[in-house]
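Trainee: output the structure for:
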Amino acid sequence: LQCHEAGNLQAALEVYTRMLARDPGDADAWHLSGLVAHQQGDHERAVERIEKAIELRPAASRFHFNLGNAFAGLDKHREAATCFQRSTELDAAHAPGWFNLGASLARLGAHGESAAALRRAFDLAPDLPGLRQALAQSLVNAAASGELPSNACDEASRLLENHWQLADDPTQARLLLSLALQESRQWTLAASHYEALIRALPDLEVAHNNLANCYNRLGRMADARDQYDEVLRLSPDNALAASGVVSCINYEDDATADRVFRAHVNWAQRFAAETANPAEHTNERIPGRRLKLAYVSPDLRRHPVSS
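Mentor: Below you'll find the model as predicted:
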């Protein structure tokens with residue numbers, strides 16, 4: 001153990017190997033030799049050795065926890081989640097078990113379940129590195145997917161509002177806070193954070209794009225268009241940003257019908273072919289048949305449209 005704790009993994013492995021030669025039923029030696037393999041990047045061997053340890057001592061929660069870590073190293077997140085779940089069943093007070101369970105569930109797209117597991121970890125050890133941001137991210141993702149109500153974003157913003165500066169990556173934490181505020185319809189406050197991010201990092205494309213969306217919601221269409229233009233400066237082939245520019249033109253006081261039409265035609269000529277997803281229709285193709293067409297504004301329910 002002294003070699004292992006000192007970071008001398010090869011020496012520790014040799015000791016564990018001698019222990020197993022003397023006693024093949026030593027569950028701790030199997031577990032620790034598997035842990036060394038995991039730390040050395042040999043995750044498959046780690047799985048084999050820790051599974052052997054679990055055969056010998058199935059109720060050891062840390063064995064299941066480290067088996068989950070080995071599976072995560074193999075990108076087998078479903079198997080990892082199963083191990084972390086078993087680990088927390090055996091030791092419900094082990095915050096890292098809940099944290100890693102939440103992380104695996106997030107990678108599987110189960111954001112609501114991920115948030116629940118991360119909340120358990122947060123209740124036990126709120127200062128675990130990275131936990132606060134991981135929980136906020138799962139809450140935002142779960143609200144976006146409909147797994148949790150939209151007010152989950154309020155919880156996410158409260159988690160980060162006074163703590164984003166302390167994160168390992170403050171820029172990413174502040175971006176997540178800004179998004180949580182944006183999804184909570186706190187567009188003015190979200191915009192202030194995006195503006196600060198842009199002052200520090202002028203080429204941060206996602207901040208320009210999301211700031212444009214906030215300005216759009218606030219009715220600041222000229223400012224929104226400026227931000228979409230910045231996105232296009234950074235990413236000229238961004239069809240959504242180009243669409244945002246076209247959308248803003250509709251709100252300009254001096255926008256003539258001809259100018260609006262030409263803007264849409266220009267967008268279509270540049271982007272329509274690559275973004276189109278034509279549907280298959282089974283109706284008979286009868287020449288001369290009257291067609292009924294419906295146009296839906298992307299701003300449906302935000303304003304009346306008539307011209």
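Trainee: pLDDT below threshold where in the chain?
Mentor: 1-8, 275-276, 296-307 (pLDDT under 70).
Trainee: show me where it has its strands.
Mentor: With DSSP state E, there are no strands along the chain.
Trainee: figure out how far stretch 239-249 is from the centre of its chain.
Mentor: Its chain's C-alpha centre lies 25 Å from the corresponding centre of stretch 239-249 when counted by CA atoms, centre = their mean, to the nearest Å.
Trainee: in that stretch, what counts as buried?
Mentor: 241-249 (16 or more other CB atoms under 10 Å). Placement of C-beta: from N, CA and C, glycine included.
Trainee: which of those residues fall in helices?
Mentor: Of the positions in those, 241-249 sit in helices, assigned by DSSP state H.
Trainee: can you tell me how far H64 is from A222?
Mentor: Separation of H64 from A222 (CB to CB, to the nearest Å) stands at 57 Å.
Trainee: of these two, who's got more company?
Mentor: Shown here are H64 and A222; by other CB atoms under 10 Å, H64 has more neighbours (24 against 11).
Trainee: pull the contacting residues for that one.
Mentor: 54, 83-84, 86-87, 90 (CB atoms under 8 Å, 6 or more residues apart in numbering).
Trainee: looking at those residues, spot the one nearest W164.
Mentor: The closest of those to W164 turns out to be F84 (CB to CB; 26.9 Å).
Trainee: the nearest residue to the closest one once chain neighbours are set aside and L124: what is the separation?
Mentor: Once flanking residues are discounted, F84 sits nearest to L101: 3.7 Å by CB to CB, 6 or more residues apart in numbering. Separation of L101 from L124 (CB to CB) stands at 12 Å.
Trainee: who's more crowded, these two?
Mentor: More crowded of L101 and L124, by other CB under 10 Å: L101, with 28 against 17.
Trainee: surely the more buried one is in contact with A81?
Mentor: Yes. L101 is within contact range of A81, at 6.1 Å (criterion: CB atoms under 8 Å).
Trainee: who touches both of these two?
Mentor: G68.
Trainee: E195 contacts L211, correct?
Mentor: Yes. E195 is within contact range of L211, at 6.6 Å (criterion: CB under 8 Å).
Trainee: neighbour count for these two, which is higher?
Mentor: Per other CB under 10 Å, whichever of E195 and L211 has more neighbours is L211, with 30 against 14.
Trainee: tally of neighbours for the closest residue to the more buried one other than its chain neighbours?
Mentor: Leaving aside its sequence neighbours, L211 sits nearest to Y194 (CB to CB, 6+ apart; 3.8 Å). When neighbours are defined as other CB under 10 Å, Y194 has 27 of them.
Trainee: next: the one 10 residues further on.
Mentor: Under the neighbour criterion other CB under 10 Å, L204 is assigned a count of 18.
Trainee: distance check, it against L189.
Mentor: Distance, L204 to L189, using CB to CB: 18 Å.
Trainee: could you do T88 as well?
Mentor: Applying CB to CB to T88 and L189 gives a distance of 36 Å.
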